[in-house]
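Participant: Structure for this input, please:
(one chain, ligands or ions: 1)
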Amino acid sequence: MSRLEARKLVIDVPGRADGQPLDISLEPGQVWGVLGPNGAGKTTLLHTLAGLRAARDGQVSLDDRPLSRLGRREIAQSLGLVFQDSQDGFPATVRETALIGRHPFLSPWQMERGEDLRLAEAALARLDVAHLADRLVNTLSGGERQRLAIATVLTQGPKIWLADEPTNHLDLHHQTAVMALLAEQAASGHAVMMCLHDLNLAARWCDHLLLLYPGGEACWGPRETMLVPSALERLYDQPLATAEIDGSPVFVPAR
Ligand SMILES: Nc1ncnc2c1ncn2[C@@H]1O[C@H](COP(=O)(O)OP(=O)(O)OP(=O)(O)O)[C@@H](O)[C@H]1O
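Facilitator: Predicted coordinates for the structure are as follows:
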């Protein structure tokens, strides 16, 4: 089990004044949703938490050790990031791409072992892309590519998942399957934070929410305290109609 902690963290959104410092602790078992309009800084936050972008101020620590003092390999042994859009640097098959998830655990020129292959095959099956294992990645559809990106992180097996719009490009069935997978990761003691544009997925699957406003204002806490229609309407500058289904609130844009 691992925890990721942000203390007085000010993310560096270009051209924007310092936003509200964030004090967030991503604990084992928790599923955090990050909500906010386009450009609010969700991706910037995730990349800062992953140590890929410098913060303007404050600190991120992984198991009480500042991220800035850890090497990428050590970070990648605990923390996995699903990028918003994956880019294919060179032609590789689906299986080879999933196996990249094992690289943090191999020495530079070490070949993947049988166990690595087993983990990759299991992840591809879980994300419903096993039948594409021998296909070149650049031939995949958007949804297949997204499922492969998640399968690659599942192959990595991180204790902390940071996922940037993990349901991008996915049909309804695969959206639900991915959210169930992330919930399952949390239930097994891992910590999950994901950026989402779908309020209803957030309401159903996340137990904590962070609302990022365009000017840098932010608020966070347990789901029940965050899903306040007036706060969400201000967040998106969009009137909402609210209902309740199976005990969860459902939001739709009001005209
Ligand atoms: N390298 C950069 N140079 C200039 N501006 C940047 C750079 N990276 C990000 N930005 C700007 O910072 C702001 C925050 O970007 P970010 O990608 O974090 O937003 P987001 O909340 O994830 O948006 P979306 O919902 O559209 O994915 C945006 O206005 C973006 O244009």
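Participant: The ligand versus the residue lying farthest from the centre of the chain, what's the distance?
Facilitator: Distance from the C-alpha centroid of the chain peaks at residue 255, with 30.8 Å (CA atoms, centre = their mean). Distance, residue 255 to the ligand, by CB to the nearest ligand atom, to the nearest Å: 23 Å. The C-beta positions use only the backbone N, C-alpha and C, and glycine is treated the same way.
Participant: what's the closest non-adjacent residue to residue 75?
Facilitator: What sits nearest to residue 75 in space, not counting adjacent residues and going by CB to CB, 6 or more residues apart in numbering, is residue 51, at 5.6 Å.
Participant: tell me which element the one you found falls in.
Facilitator: Using DSSP states H and E, residue 51 maps to neither a helix nor a strand.
Participant: what do you get for residue 95?
Facilitator: Secondary structure (DSSP H and E) places residue 95 in helix 94-99.
Participant: helices or strands up against that helix?
Facilitator: Where contact means 3 or more CB pairs under 8 Å, 6 or more residues apart in numbering; DSSP states H and E, helix 94-99 is packed against helix 114-126, helix 142-156.
Participant: just the strands in the stretch 1-150 of the chain please.
Facilitator: Taking DSSP state E, counting those that start in this stretch as the criterion, the stretch 1-150 of the chain contains strands spanning 4-10, 22-26, 31-35, 57-62, 65-66, 79-82.
Participant: what would those look like in JSON lines with mean pLDDT?
Facilitator: JSON lines is the format used below for those (pLDDT from 0 to 100):
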{"stretch": "strand 4-10", "mean pLDDT": "98"}
{"stretch": "strand 22-26", "mean pLDDT": "98"}
{"stretch": "strand 31-35", "mean pLDDT": "98"}
{"stretch": "strand 57-62", "mean pLDDT": "97"}
{"stretch": "strand 65-66", "mean pLDDT": "96"}
{"stretch": "strand 79-82", "mean pLDDT": "97"}
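Participant: so which of these gets nearest the ligand?
Facilitator: strand 31-35 (8.3 Å; CB to the nearest ligand atom).
Participant: what angle do that closest one and strand 4-10 make?
Facilitator: Angle between the axes of strand 31-35 and strand 4-10 is 30 degrees (criterion: axes from the mean of the first three to the mean of the last three CA atoms, to 10 degrees).
Participant: who does strand 31-35 pair up with?
Facilitator: As defined by DSSP bridges, the strand partners of strand 31-35 come to strand 191-195 (parallel), strand 208-212 (parallel).
Participant: what residues does the first one touch?
Facilitator: By that I understand strand 191-195. 2-4, 26-35, 42-43, 45-46, 49, 82, 84, 159-166, 182-183, 185-186, 206 (CB atoms under 8 Å, 6 or more residues apart in numbering).
Participant: circling back to that earlier point, just put the strands of the stretch 1-150 of the chain in JSON lines and tack on distance to the ligand and mean neighbour count.
Facilitator: Below are the strands of the stretch 1-150 of the chain laid out as JSON lines (distance: least, CB to the nearest ligand atom, whole Å; neighbours: other CB atoms under 10 Å):
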{"stretch": "strand 4-10", "distance to the ligand": "14", "mean neighbour count": "18"}
{"stretch": "strand 22-26", "distance to the ligand": "14", "mean neighbour count": "18"}
{"stretch": "strand 31-35", "distance to the ligand": "8", "mean neighbour count": "25"}
{"stretch": "strand 57-62", "distance to the ligand": "16", "mean neighbour count": "16"}
{"stretch": "strand 65-66", "distance to the ligand": "22", "mean neighbour count": "12"}
{"stretch": "strand 79-82", "distance to the ligand": "13", "mean neighbour count": "24"}
